[in-house]
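S.K.: got a sequence here, can you model it:
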Amino acid sequence: MNLLAIGDLHLSHRRNRAALRSLLNRPDDWLILAGDVGDTEEQVAAAFRLLSERFAKLIWVPGNHELWTTSDAPGEADSARGEARYDAMVALARSWGVVTPEDPYPIWPAADRPIAIAPMFLLYDYSFRPDDVSDAAVVEWAAAEDVVCADEALLYPAPHADRRAWCAARVARTEQRLSALPDDYATVLVNHYPLEREHAVLPRIPRFTPWCGTQLTAGWYHRFRAVAVVYGHLHVRREFEKDGVAFHEVSLGYPGQWDAQIDSYLRTIL
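M.R.: Sure thing, here's the model as predicted:
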């Protein structure tokens, strides 16, 4: 059995939806979905429905796209905002038996030592910015080169004052859970965003990095005994090792950012 991962399926795009339908059955393997499955509940539900039939277990973390409020019509599934939107997506995942950041961490059964698979929802707080750019000026700094994340219009922080506050709350909650793991447990840390600022490398749009994570998670891979760290968001696929830990950016991305059968983009984590 294998622990596999892919992220940023972006099922709002027809080509990506067709590719997902072609994915081979792997009934013995677990699959991590590292966020940005789709923009609407319908798209995400379609992925959970298909993938739950093809894999032994699904583990999901939300990206920013799953948290977008895409409808203004009261009562529609995609009109929820902020935490209410996140809670709705967690409920949707659980309805398909998918492990979420709110569930007990599953333990990988094919290892000599306990390895907890830890899906996390942490957001970002604009701290992945250059040291000479102030927090107050960071969005304006990025906009000076026509870079503004759609989250500024579509991702609401309610009931928190802003996304920085929501991020801080999520980091504190997750840190407490990880700290409670027994000392002999290793982890696979799974987040939509990279955990280290130095890993938020975007050669084509460097001013997008403020929307790519938080410095509050610096060093977590070492502190929480990670054997692997899985993330997406950047649409810059890569695998590398640091301090004996394997890091995997597992994005598929938008059409035009991939050009092979989708199975070749599944990354083996364990």
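S.K.: make it CA atoms for all contacts and neighbour counts henceforth
M.R.: Noted.
S.K.: residue 15: which element?
M.R.: Taking DSSP states H and E as the criterion, residue 15 maps to helix 14-21.
S.K.: what lines up beside the helix or strand encompassing residue 187 in the sheet?
M.R.: Assigned by DSSP H and E, residue 187 belongs to strand 186-190. If you go by DSSP bridges, strand 186-190 pairs up with strand 115-119 (parallel), strand 226-231 (parallel).
S.K.: pipe those strands into CSV and attach distance to residue 186, mean pLDDT and mean neighbour count per row.
M.R.: As requested, these are arranged in CSV below (distance: least, Cα to Cα, whole Å; pLDDT from 0 to 100; neighbours: other Cα atoms under 10 Å):
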stretch, distance to residue 186, mean pLDDT, mean neighbour count
strand 115-119, 5, 98, 24
strand 226-231, 6, 98, 24
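S.K.: dump those strands into CSV; add distance to residue 133 as well.
M.R.: Formatted as CSV, the strands paired with strand 186-190 follow (distance: least, Cα to Cα, whole Å):
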stretch, distance to residue 133
strand 115-119, 31
strand 226-231, 25
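S.K.: of those, which is nearest residue 149?
M.R.: With Cα to Cα as the measure, strand 226-231 is the member of the strands paired with strand 186-190 nearest residue 149 (18.3 Å).
S.K.: can you list the strands that whatever helix or strand comes next after that closest one pairs with?
M.R.: For strand 226-231, the following helix or strand on the C-terminal side (DSSP H and E) is strand 238-242. When pairing is defined by DSSP bridges, strand 238-242 lines up against strand 245-249 (antiparallel).
S.K.: mean confidence for the helix or strand following the strand it pairs with?
M.R.: Using DSSP H and E, the helix or strand that follows strand 245-249 in sequence is strand 267-268. Averaged over strand 267-268, pLDDT sits at 98.
S.K.: neighbours of the spatially closest residue to residue 62 that is not a sequence neighbour, how many?
M.R.: Distance criterion Cα to Cα, 6 or more residues apart in numbering; nearest residue to residue 62, sequence neighbours excluded, is residue 35 at 4.5 Å. Using other Cα atoms under 10 Å, residue 35 has 27 neighbouring residues.
S.K.: same thing with the one 3 residues further on?
M.R.: Residue 38 is surrounded by 26 other residues when neighbours are defined as other Cα under 10 Å.
S.K.: next one: stretch 238-253 to chain centre, how far?
M.R.: Offset of stretch 238-253 from its chain centre (Cα atoms, centre = their mean, to the nearest Å): 14 Å.
S.K.: check which residues of that stretch are buried.
M.R.: 245, 246, 247, 248, 249, 250, 251, 252, 253 (16 or more other Cα atoms under 10 Å).
S.K.: so what sits opposite the first one in the bridge?
M.R.: Read it as residue 245. With DSSP bridges as the rule, residue 245 is bridged to residue 242.
S.K.: on that earlier part again, how about the strand holding residue 187 as PDB, C-alpha atoms only?
M.R.: C-alpha atoms of strand 186-190 as PDB (Å, rounded to 0.1, in the frame of the first residue of the first chain):
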ATOM      1  CA  ALA A 186       6.400  10.700  13.700                       C
ATOM      2  CA  THR A 187       4.200  12.800  11.400                       C
ATOM      3  CA  VAL A 188       3.300  13.600   7.800                       C
ATOM      4  CA  LEU A 189       2.400  17.300   7.900                       C
ATOM      5  CA  VAL A 190      -0.200  18.200   5.200                       C
END
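S.K.: and the contacts of it?
M.R.: 34, 61, 113-120, 221, 224-231 (Cα atoms under 8 Å, 6 or more residues apart in numbering).
S.K.: picking that back up, now do the contacts for the residue nearest to residue 62.
M.R.: 7-8, 60-66, 191-192, 232-233 are the contacts of residue 35 under Cα under 8 Å, 6+ apart.
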